[in-house]
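Undergrad: Pasting the sequence and the predicted model now:
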Amino acid sequence: MNFNRANSLSISAWLALAFVFAVCHPCDRTLLGDDDFEHPPISYYDSQSRDPVALLLDRLKSGQQELKPDARGSYLSDLLKALNVPESSQCLVFSKTSLQIPHIGPRTPRALYFNDSVYVGMVVGSPVMELAAIDPQLGTVFYTLERENDSFQIIRDRGQCLSCHATTRTERVPGVLVRSIYSDRAGRPRSGASTYITDHRSPFEQRWGGWYVTGTHGSMRHLGNIFAVDRDDAQKVDRDAGANHESLPKSLPVSPYLRETSDIVALMVLEHQTRVHNLITRANYESRQATHLDKSMNEALGREPGFVSESTQRRVASVSEALLEGLLFANEYPLESPVKGTSGFAETFSARGPFDSKQRSLFQLDLNTRMFQHPCSYLILSDHFAGLPEPVTLYVRQRLANILKHGTPPPKGVNWTPEDRNALREMLEELKPGWLEIEDLSTESAS
């Protein structure tokens, strides 16, 4: 097997990319654009990543691990097992909004699988799988697994993915997103119709256009499972027709997929997770870039080496407060009806630890009035969060200590009960020992 290749696109990849620019939404960054994160201190392309896919590559090269194809020649099942990605996370998107547009449509939707540090995309009939993995310092790093006869290559992206995955839609950092559109019967975005980047704040009625959705959600309505076919009004759709589907449409051939589901709970977790991953990366980049600039200015102006400018303090406070809001589900859309999935994803996800002494976990789902039982993101326990620079970590710790222990109000849009506050304090004191033991500095919100 060959795991390295010159950093060039194959003809097929260039053709696919041409489709992106012709059919997909316009991006606010060009392929040849020059971003701050390409240079020190981030050096996105020149830095070696230690994300889960990079670590898998190391194991493959050393012979410690092997990926074997299934009867169809696909490496998907073995790849998911190697990366610890559950099959129950499968979500199916039929809109033509990906690099592999020619292969995607309502009868051949793209399948997405994920855990809290890896995303895997599979398209029926394509020899290419798309991978995105989270490195604690670089954020989202993109790869392709390309099948060639009886072998494969895993190749790190050198810029083409970032034409759409490093824009305002991803906080201007390499990131991931969930997009909702008004789709015609071929999966193409309807001209003149709205498009949404969705997360836990989004109204249900804006979510999952161009996606299949299996599961029940009572009186709430979304854009999944339906097409925008009105010639005069692209946004005139029958949301009732797409509601509360417990199975995929009979017209969809399901044999190429690992599950016969596109689970609504998995979709909701995916939306939340993509936003917070981007906020963590943004906070990391901004803090490191501001500190790097201070270092240069301190040398130029003869200031003390550790001097921190007011500008840097403001930059760190701004991105840290935005991250805190994401972690605490600020402005989360309240569920008007209970939500129930179809794949077992919710049960498996909720059973994850670590647990505190009262058997509480940040992975436990609610799905009755809100997404999670405890309104603090499980990503606060992730390696991605742990890799944040000290100024960001210190800010978030101080704010949470003030909120949970000293009665400071939480960010706007965070709706807690006293029981929520007490439970979260107790959990964090056990799950992150000593983390809230920090002086009350009465840190003010950047807003």
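TA: The structure has been received and is ready for your questions. Numbers count the residues shown, from 1 in each chain.

Undergrad: Can you give the strand pairings for the top strand by length along the chain, parallel or anti for each?
TA: Longest strand in the chain, counting residues (DSSP state E): strand 139-148. Strand 139-148 sits in its sheet next to strand 128-135 (antiparallel), strand 151-156 (antiparallel), going by DSSP bridges.

Undergrad: Just the C-alpha atoms of it, please, in CSV.
TA: The C-alpha trace of strand 139-148 is given here as CSV (Å, rounded to 0.1, in the frame of the first residue of the first chain):
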residue,chain,number,x,y,z
GLY,A,139,-8.5,21.8,14.5
THR,A,140,-10.1,20.0,11.6
VAL,A,141,-7.7,18.2,9.2
PHE,A,142,-9.1,16.8,6.0
TYR,A,143,-8.1,13.6,4.2
THR,A,144,-9.3,11.4,1.4
LEU,A,145,-9.1,7.6,1.3
GLU,A,146,-8.8,6.6,-2.4
ARG,A,147,-9.3,3.1,-3.5
GLU,A,148,-7.1,1.8,-6.3
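
Undergrad: buried ones in it?
TA: For strand 139-148, burial by neighbour count (16 or more other C-beta atoms under 10 Å) applies to 139-147. Heads up, the C-betas are built off the backbone N, CA and C, glycines and all.

Undergrad: just for the chain, where's the confidence low?
TA: Low-confidence segments of the chain (pLDDT under 70): 1-34, 440-447.

Undergrad: Quick one: distance of the longest strand of the chain to the chain centre.
TA: Distance, stretch centre to chain centre, for strand 139-148: 16 Å (C-alpha atoms, centre = their mean, to the nearest Å).

Undergrad: repeat for stretch 237-250
TA: Per C-alpha atoms, centre = their mean, the displacement of stretch 237-250 from the mean C-alpha position of its chain is 25 Å.

Undergrad: Residues touching that stretch, excluding its own?
TA: If you take C-beta atoms under 8 Å, 6 or more residues apart in numbering as the criterion, stretch 237-250 is touched by 92, 182, 205, 212-218, 220-228, 230, 254, 260-262, 342.

Undergrad: Please narrow the residues you listed to those residing in strands.
TA: Per DSSP E, the contacts of stretch 237-250 map to strands at Leu92.

Undergrad: Mark which of the contacts of stretch 237-250 are buried, thanks.
TA: Buried members of the contacts of stretch 237-250, scored by 16+ other C-beta under 10 Å, are 92, 182, 212-217, 220-228, 261-262, 342.

Undergrad: Domain boundaries for this protein, per the record?
TA: Domains of the chain are assigned by automatic domain parsing as 11-264, 267-431.

Undergrad: I'd like to know which elements the helix or strand containing Val396 is packed against.
TA: Here Val396, judged by DSSP states H and E, is contained in helix 390-405. Contact here means 3 or more C-beta pairs under 8 Å, 6 or more residues apart in numbering; DSSP states H and E; on that basis helix 390-405 packs against helix 264-301, helix 310-327, helix 418-431.

Undergrad: Go again with 6 Å.
TA: Contacts defined by 3 or more C-beta pairs under 6 Å, 6 or more residues apart in numbering; DSSP states H and E place helix 390-405 against helix 264-301, helix 310-327.

Undergrad: Would you mark the buried spots in it?
TA: 391-404.

Undergrad: Ok, stretch 240-260 next?
TA: 242-245, 248, 252, 256-259.

Undergrad: of all the helices and strands packed on helix 390-405, which lies closest to Leu79?
TA: helix 264-301 (17.9 Å; C-beta to C-beta).

Undergrad: what inclination does that closest one have with respect to helix 390-405?
TA: Helix 264-301 runs at 130 degrees relative to helix 390-405, counting by axes from the mean of the first three to the mean of the last three C-alpha atoms, to 10 degrees.

Undergrad: buried residues in helix 264-301?
TA: Residues 264-291, 294, 298 are the ones in helix 264-301 that count as buried (16+ other C-beta under 10 Å).

Undergrad: Specify the angle between it and helix 310-327 in degrees.
TA: Going by the same axes, to 10 degrees, helix 264-301 makes 170 degrees with helix 310-327.

Undergrad: Remind me what helix 264-301 packs against, helices and strands.
TA: Using 3+ C-beta pairs under 6 Å, 6+ apart, helix 264-301 sits against helix 310-327, helix 345-350, helix 390-405.

Undergrad: Of those helices, which is nearest Lys68?
TA: Evaluated over those, closeness to Lys68 peaks at helix 345-350, with 24.4 Å, by C-beta to C-beta.
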